[in-house]
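Asks: Please work out how this folds:
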Amino acid sequence: QVQLVESGGGLVQTGGSLRLSCAASGRTFRSMDMGWFRQPPGKEREFVAAISWSGKYTYYTDSAKGRFTISRDNARNTVYLQMNTLKPEDTAVYYCASKYGTDWYSGADYNVWGQGTQVTVSS
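Replies: Numbering: from 1, shown residues only. Alright, predicted model coming up:
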């Protein structure tokens, strides 16, 4: 089974940028749809962005559109989340996950999760 490891989180000021990476083990990565979710402190986990196995299709939550970009490098078994113009409300633990179901936006349709990486945006 694939394993996912996130990195790239940290502390950044409002308006700053971060690039999260999610490295996957296993040879099946290039056939997997992938997503990023986040869990703000005291709140439920929420969808952020997703990308199809080929990279042709991408999906974003409204708050991420225009600020975040999801991409992937299948040769490196890695999916990225470039986050620009960060806001304090982006503070959360960010998780990458592989999708097995049909709903791009529901965490229930993702079956393998990383351990998460903390993103903190100071005001």
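
Asks: Am I right that residue 90 is in contact with residue 119?
Replies: Yes - the pair residue 90 and residue 119 qualifies as a contact (C-beta atoms under 8 Å) at a distance of 6.4 Å. (C-beta placed from N, C-alpha, C; glycine too.)

Asks: for stretch 102-113, what is the average pLDDT?
Replies: Per-residue pLDDT values over stretch 102-113 give a mean of 96.

Asks: Can I get that stretch as PDB, trimmed to CA atoms?
Replies: Coordinates of each C-alpha in stretch 102-113 appear next as PDB, following Å, rounded to 0.1, in the frame of the first residue of the first chain:
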ATOM      1  CA  THR A 102     -15.700   9.200  -7.000                       C
ATOM      2  CA  ASP A 103     -16.200  12.400  -4.900                       C
ATOM      3  CA  TRP A 104     -13.200  14.700  -5.200                       C
ATOM      4  CA  TYR A 105     -14.400  16.900  -2.300                       C
ATOM      5  CA  SER A 106     -15.200  14.300   0.300                       C
ATOM      6  CA  GLY A 107     -12.500  12.900   2.700                       C
ATOM      7  CA  ALA A 108     -14.500   9.700   2.900                       C
ATOM      8  CA  ASP A 109     -13.500   8.900  -0.700                       C
ATOM      9  CA  TYR A 110      -9.800   9.100   0.200                       C
ATOM     10  CA  ASN A 111      -8.300   6.000   1.700                       C
ATOM     11  CA  VAL A 112      -4.600   6.700   2.400                       C
ATOM     12  CA  TRP A 113      -3.500   9.700   4.400                       C
END
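
Asks: Give me the contact list for that stretch.
Replies: Contact partners of stretch 102-113, identified using C-beta atoms under 8 Å, 6 or more residues apart in numbering, comprise 1-4, 33, 35, 37, 45, 47, 50, 59, 61, 95-101.

Asks: Any of those buried? List them.
Replies: 4, 33, 35, 37, 45, 47, 50, 59, 61, 95-99 (16 or more other C-beta atoms under 10 Å).
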